[in-house]
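Asks: Quick one: sequence plus predicted model below, questions after.
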Amino acid sequence: MTEFVFSHITSMVFIISQLLIVISAIVLLAITIRAYKMTRYRKMIYVIIAFSLFAVQHTINFVDQGLADIMSDDIVFAIAGVVQLAIMAMFFLAIVKK
């Protein structure tokens, strides 16, 4: 019985955290888009791409783990790894590109 309750609580915490991450990424994306429109600072495009990828990655996690098992865990981990590398590359380019 306690294992079921613990499992259910853990699942709910995961779902809520994924939703909060997606919402935060979308809010930060909107702020970045607005900042880009106001300044036309080209480096902001990399940040826009990074926040978009972040929202997509965690949406996939939420749908796959929280709603329906749409992909095998190996594929989800592979996608997550590639997307995380792309996010880091976008932030790196935003910092160092002239």
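Replies: Cool, got the structure.
Asks: now what about the strand or helix carrying Ile60, what contacts it?
Replies: If you go by DSSP states H and E, Ile60 is part of helix 44-61. Residues outside helix 44-61 that contact it (Cβ atoms under 8 Å, 6 or more residues apart in numbering): 18, 21-22, 25-26, 28-29, 32-33, 35-36, 76, 79-80, 83-84, 86-87, 90-91, 93-94, 97. For the C-beta atoms, the positions are set from N, CA and C on the backbone; glycine is no exception.
Asks: Among these, name the buried ones.
Replies: Among those, those buried by neighbour count (16 or more other Cβ atoms under 10 Å) are 18, 21-22, 25, 28-29, 32-33, 36, 76, 79, 83, 87, 90, 94.
Asks: and which of the residues you listed is nearest Ala68?
Replies: Val76 (12.4 Å; Cβ to Cβ).
Asks: Go ahead and report the secondary structure state at the closest one.
Replies: Of the three states, Val76 takes helix under DSSP: H, G, I helix; E, B strand; the rest coil.
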